[in-house]
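Asker: dropping the sequence and predicted coords here.
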Amino acid sequence: QVQLVESGGGLVQPGGSLRLSCAASGSILSIYDMGWYRQAPGKQRDLVASITRGGNPDYADSVKGRFTISRDNAKNTVYLQMNSLKPEDTAVYYCKAKIVELVTLRTLEVWGQGTLVTVSS
């Protein structure tokens, strides 16, 4: 059983910062790409940022220069540092990871349960 657990969401004022964390646990052999997605009410789920196992990041245009994705492979954890937050960043944030399961050697795409980020004054 492999799972992702996010943390760090909450209410923040415009211009503020938050740091999201997503830890993978279970029977894990290796983790390839990890990413953060978000879904605002009534909208589709969109990619915010992704990072390869080697640490190469990619960002949606809407968050470039404000968000930073990073990972700690030893802890099986990915982070999203969000600065200069705007009301339009309000959404449920989900992490996703491509994980090779230890026993079965299957490659799984695993989603976390989501964490709510609300940017409002």
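Answerer: Thanks, I have the structure now. Numbers count the residues shown, from 1 in each chain.
Asker: quick one: contacts for the residue nearest the centre of the chain?
Answerer: By Cα atoms, centre = their mean, the chain has its centre lying nearest to residue 36, at 3.0 Å. Each residue near residue 36 by Cβ atoms under 8 Å, 6 or more residues apart in numbering is listed here: 20, 22, 47-50, 69, 78, 80, 93-96. From N, CA and C alone the C-beta is placed, and that goes for glycine too.
Asker: so what's residue 28 bridging to?
Answerer: residue 101 (DSSP bridges).
Asker: distance of it from residue 15?
Answerer: Remark: distance between residue 28 and residue 15 (Cβ to Cβ, to the nearest Å) = 37 Å.
Asker: more neighbours, those two?
Answerer: residue 28 (16 against 11; other Cβ atoms under 10 Å).
Asker: isn't that one up against residue 1?
Answerer: No - with contact defined as Cβ atoms under 8 Å, residue 28 and residue 1 do not form a contacting pair (10.3 Å).
Asker: list the contacts of residue 118.
Answerer: 10-12, 90.
Asker: not counting its neighbours along the chain, what's nearest residue 48?
Answerer: Once flanking residues are discounted, residue 48 sits nearest to residue 36: 4.5 Å by Cβ to Cβ, 6 or more residues apart in numbering.
Asker: residue 35 now?
Answerer: Nearest to residue 35 is residue 50, by Cβ to Cβ, 6+ apart, at 3.6 Å.
Asker: distance of that neighbour from residue 121?
Answerer: 30 Å.
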